[in-house]
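1. Using only what follows, build the 3D model:
(one chain, ligands or ions: 1)
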Amino acid sequence: MREDPILIVENLKKYFPLGGGFLKKPTAQVKAVDGANLVVKRGETLALVGESGCGKTTMGRCIVRLDEPTEGKIYFEKENILGYRDKKLRQLRRDMQVIFQDPFSSLNPRKTVEYIIGEGFVIHRLYSKRERQERVSELMELVGLGPELRGRYPHEFSGGQRQRICVARAIALQPKLVIADEPVSALDVSIQAQILNLLVDLQEKLALTYLFISHDLSVVRHISNRVAVMYLGHIVEQASREVLFKEPAHPYTEALMAAVPVADPFRKKHAIHLEGDVPSPLNPPSGCSFHPRCRYFQDVCRKTPPVMEEIDAGHEVACHFPRIT
Ligand code: SF4
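-> Now for the predicted structure:
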């Protein structure tokens with residue numbers, strides 16, 4: 001991992017309008033991402049974690065321009081990509097790839113594996129037909145699939161094999177950044193480890209950078225270098241994996257960590273119960289948006305939103321009363 005950032009996200013907002021219509025203003029807005037900041041360093045795996053509905057996937061979709069942000073800036077290799085159109089956007093699609101959660105629905109059932117993995121070569125007019133076939137075979141070997149299977153259709157593969165096909169498709173154009181959105185959560189636990197190990201191997205071989213989106217902290221512990229915790233559209237804590245799992249400073253992170261199972265039966269953990277669900281992003285709470293669920297809540301938390309501050313080198317937290325040990 002190098003220290004120079006490959007991706008910088010500044011004050012990113014994505015609001016979805018509700019109601020309204022032709023010549024009518026929207027009646028409300030869902031604030032899926034509400035001023036999030038993030039830095040991804042070249043060669044690292046940054047995990048973006050949080051409960052369902054906290055805005056992780058929307059943030060990932062905005063970064064790859066599948067959703068257009070409402071406000072903010074996204075710098076990829078020092079250039080703000082939000083103004084990109086046509087040729088520059090096509091190049092960006094080569095440099096940034098996505099692995100989606102569900103390998104069952106993200107593959108076209110009517111196309112062969114050879115077509116699916118090699119589609120990017122056709123779109124970007126790379127290689128001759130013969131070279132494309134060779135390249136697809138190499139990619140299939142790289143992800144642990146026999147090249148002799150390239151004429152088969154997605155339904156002829158198991159869930160783990162399908163996710164390998166998705167990985168091969170994602171790395172085909174030699175991207176610099178891969179956004180993996182819950183890439184193993186639809187798979188059996190035994191298969192999850194195989195796919196995670198594959199991602200780690202490929203990162204070493206191809207010098208990839210990952211933004212790894214997940215709600216599963218056991219998975220994140222296995223794969224990440226650093227972790228960013230998201231709650232209701234905001235990043236509330238960022239630190240190295242070691243620091244975050246050992247000394248979480250934000251009460252939300254503390255509760256998430258306390259819920260991660262430990263393998264050692266003699267080591268006791270005190271579960272911290274998070275009351276209720278993530279509030280609706282349609283009408284987020286005032287001040288600190290975590291305050292209705294926080295056991296350390298004080299009056300100021302309801303009135304004043306906390307700002308992100310560095311409490312130690314590389315460890316940032318947005319809380320008026322961080323848990324500093
Ligand atoms: Fe809890 Fe207050 Fe910190 Fe929010 S700012 S997490 S309510 S202590």
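
2. Can you classify residue 39 as helix, strand or coil?
-> Each residue gets one of three states, and residue 39 gets strand by DSSP: H, G, I helix; E, B strand; the rest coil.

3. show me what contacts it?
-> Contact partners of residue 39, counting by Cβ atoms under 8 Å, 6 or more residues apart in numbering, are 5, 7-9. Quick note: C-beta positions are derived from backbone N, CA and C, even for glycine.

4. Looking at these, which are in strands?
-> Of the positions in the contacts of residue 39, 5, 7-9 sit in strands, assigned by DSSP state E.

5. So for the closest residue to the ligand within the stretch 101-250 of the chain, what's the pLDDT?
-> Proximity of the stretch 101-250 of the chain to the ligand (Cβ to the nearest ligand atom) peaks at residue 250, 6.0 Å away. Residue 250 is assigned a predicted lDDT (pLDDT) of 97.

6. Number of residues surrounding the nearest residue to it once chain neighbours are set aside?
-> In this structure, residue 250 finds its nearest non-sequential neighbour in residue 237, 4.1 Å apart by Cβ to Cβ, 6 or more residues apart in numbering. The number of residues packed around residue 237, counting by other Cβ atoms under 10 Å, is 28.

7. correct me, but residue 237 touches residue 226?
-> No. When contacts are counted by Cβ atoms under 8 Å, residue 237 is not listed as touching residue 226 (10.9 Å).

8. Can you pull the residues that touch both of those two?
-> Among the neighbours of residue 237, those also in contact with residue 226 (Cβ under 8 Å, 6+ apart) are residue 244.

9. one step back: which pair in the ones in strands among the contacts of residue 39 spans the largest distance?
-> Greatest spatial distance among the ones in strands among the contacts of residue 39 (Cβ to Cβ): 5 and 9, at 10.0 Å.

10. where do the contact lists of these two overlap?
-> Listed as contacting both residue 5 and residue 9 by Cβ under 8 Å, 6+ apart are 39, 75.

11. who has more neighbours, those two?
-> Ranked by neighbour count (other Cβ under 10 Å), residue 5 and residue 9 place residue 9 first, with 24 against 18.

12. which residues sit in contact with that one?
-> Each residue near residue 9 by Cβ under 8 Å, 6+ apart is listed here: 36-39, 59, 63, 72-75.

13. Ranking by neighbours, what's the top pick from the residues you listed?
-> Neighbour count (other Cβ under 10 Å) singles out residue 59 as the most crowded of the contacts of residue 9, with 29 neighbours.

14. Pairing partners for the host helix or strand of the residue nearest to residue 250, with directions?
-> Secondary structure from DSSP states H and E places residue 237 in strand 234-240. In the sheet, strand 234-240 lines up against strand 226-231 (antiparallel), strand 315-317 (antiparallel) (DSSP bridges).

15. could I get those strands as CSV with mean neighbour count?
-> Conversion of the strands paired with strand 234-240 to CSV gives the following (neighbours: other Cβ atoms under 10 Å):
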stretch, mean neighbour count
strand 226-231, 24
strand 315-317, 22
